[in-house]
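1. Need a 3D model of the following:
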Amino acid sequence: MSTYENFEDSLEIIQSQMTSRSRIPSSLQTIKSEEMCNNTYLSRLSDAKCINAFFESMIGCDFVHIDEESKSFYLYAQNKKGERIVMPETALVMYITYMAFIKPIYKNNVVVKKGASYNTIKRRVMFVSWLHKQESVPSPYTFRTKDYLKKTKRTMAKRGKHVHPKQAKKATSIDIEDAINKIIKKENEQIDSLLTKKLLVKTLKIRQAKIRLTSLRDRTIILIGFHGMCRVSEVASMSFEQLEFSNDALFIKMDEENNKTRNNYRKHILPVENPLHCPIATLRQYIQEANISSGCLFYKIRNKGLDKSEIHISSQTVQRLVKEFLGADKSSHSLRVGMAVAMLEANVPTEIIMNNGGWESKEIMWRYTDQYDVVKHNKSIL
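-> Down below sits the predicted model:
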């Protein structure tokens, strides 16, 4: 690794050693994995496929074996003798360089930029390190490659690349109240529309029940997603077993299966005075109406009620709800960002904000709350 001590020199050396982009398979351009129950597995599956595609084009073999049936990953690369080999430091450096400065990013089949985001690169490097550590073999993520990654980050920033992705536009408490009112309005309009049709009494009751339960589920998703500062995957896969109700709060247990940053912590949600906009009251009502006593909370809703033939609703369903009722300029992450900003504006201690967000560093929290209006909410500045 001595040849990589000078970052700029190493960048030229590695890029000169890279295979021509014309030989890079199309599978490297866009790789999407189907949505699954475990968000951690979904992320690692996508990372493994991207890593394999790169090294297949470079050295003709995969580094990661993917066992989709057991949702497991193993080191897979072998030498000519059939012996399993680990990833050398130089190979990881080549991959970092490719991802940062060469990888084409496509939109509508047109290259819009070259180089992935730093967060994506770091996540995949950490995946490679984790893969080696779980099998008790030397990891290529050493102090030298760690230093190289830091220098890559600085160079990306100098070249105007996004080291950190732009945060979603925050959703305010007023936005949430408006969204709940829109869902209720849609429910009433659909029921009124049914009354104009010639339906059997039994059919009418079934369809009305479906509309009401769907409306209640959608309101619960929006309110829990906002007040719980939840990621879209956390809302979609939330289960009854995670919930802890108390007299004056709701606690949501988080572990490795349903979050990607911290293990074994609890989010807390406080009640709101207006029952229509209260996440706890709405969740209690939904659980009672949907007759849920175990398993996932949010399913698709058919005429016969919850459709438990599928695992749970998809992240796309949550995203669609946000777009429909909060506006096209919002995303599901707007709920998480909005509540973080709201808590900061309400002078909630940073430790509590970090706990609800599942963050271990203040740096991440400040990145989420950069839409905080300092002048409006800090009178000492005025």
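
2. Which pLDDT value goes with the residue lying farthest from the centre of the chain?
-> Distance to the chain centre peaks in the chain at Lys198, reaching 44.6 Å (criterion: Cα atoms, centre = their mean). Listed pLDDT for Lys198 reads 83.

3. does it count as helix, strand or coil?
-> Here Lys198 is coil, with the state taken from DSSP: H, G, I helix; E, B strand; the rest coil.

4. That one and Leu204, how far apart?
-> Distance of Lys198 to Leu204, given as Cβ to Cβ, to the nearest Å: 10 Å. Every residue, glycine included, has its C-beta placed from N, CA and C.

5. Which pLDDT value belongs to Val201?
-> 84.

6. what about the stretch 251-382 of the chain, any weak spots by pLDDT?
-> Across the stretch 251-382 of the chain, the ranges flagged by pLDDT under 70 are 256-264, 309-310, 371-382.

7. what do you get for the stretch 51-200 of the chain?
-> By pLDDT under 70, the low-scoring segments of the stretch 51-200 of the chain are 59-61, 76-85, 105-108, 111-112, 161-166.

8. all strands of it, in order?
-> Shown for the stretch 51-200 of the chain, the strands assigned by DSSP state E, counting those that start in this stretch span residues 64-67, 72-75, 104-107, 110-114.

9. These: which one's closest to His268?
-> Set against His268 and scored by Cβ to Cβ, these come closest in strand 72-75, at 34.1 Å.

10. which ones are touching the closest residue to Val64 other than its chain neighbours?
-> The spatially closest residue to Val64, leaving aside those adjacent along the chain, is Ala48, at 4.3 Å (Cβ to Cβ, 6 or more residues apart in numbering). Shown in contact with Ala48 (Cβ atoms under 8 Å, 6 or more residues apart in numbering): 64, 66, 73, 127.

11. Highest neighbour count among the residues you listed?
-> Each of the contacts of Ala48 was scored by neighbours using other Cβ atoms under 10 Å; the highest score is Val64's, at 22 neighbours.

12. picking up where we left off before, element containing the residue nearest to Val64, please.
-> Counting by DSSP states H and E, the element that carries Ala48 is helix 39-59.

13. Could you do Gly338 as well?
-> Assigned by DSSP H and E, Gly338 falls within helix 333-345.

14. do the same with Ile252
-> Since the elements are taken from DSSP H and E, Ile252 ends up inside strand 250-254.

15. ok, back up a step: out of the strands of the stretch 51-200 of the chain, which gets nearest to Ser237?
-> The minimum distance between Ser237 and those falls on strand 72-75, with 19.7 Å, by Cβ to Cβ.

16. Provide the strand pairings for the closest one, with the direction of each partner.
-> strand 64-67 (antiparallel) (DSSP bridges).

17. Could you list the buried residues of the helix ranked longest in the chain?
-> Of all the segments of type helix in the chain, defined by DSSP state H, the longest one is helix 201-227. Applying a neighbour-count criterion of 16 or more other Cβ atoms under 10 Å, one finds 206-208, 210-211, 213-227 buried in helix 201-227.

18. Would you mark the buried spots in the helix or strand Arg367 falls within?
-> Under the assignment given by DSSP H and E, the secondary-structure element containing Arg367 is helix 362-368. By neighbour count, with 16+ other Cβ under 10 Å as the criterion, the buried positions of helix 362-368 are 365, 368.

19. May I have that helix exported as PDB, CA atoms only?
-> These are the backbone C-alpha positions of helix 362-368, laid out as PDB (Å, rounded to 0.1, in the frame of the first residue of the first chain):
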ATOM      1  CA  LYS A 362     -24.700  14.900  17.100                       C
ATOM      2  CA  GLU A 363     -23.200  15.400  13.600                       C
ATOM      3  CA  ILE A 364     -26.000  13.200  12.100                       C
ATOM      4  CA  MET A 365     -28.600  15.000  14.100                       C
ATOM      5  CA  TRP A 366     -27.500  18.500  13.000                       C
ATOM      6  CA  ARG A 367     -27.500  17.200   9.400                       C
ATOM      7  CA  TYR A 368     -31.200  16.300   9.800                       C
END
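
20. Show me what that helix is in contact with.
-> For helix 362-368, the external contacting residues (Cβ under 8 Å, 6+ apart) are 164, 167, 336-337, 340-341, 350, 353-354, 357, 359.

21. try it again with 10 Å
-> The set of residues that contact helix 362-368 without belonging to it, under Cβ atoms under 10 Å, 6 or more residues apart in numbering, is 164-165, 167-168, 170, 229, 261, 333, 336-341, 343-344, 350-351, 353-354, 357-359, 361, 372.
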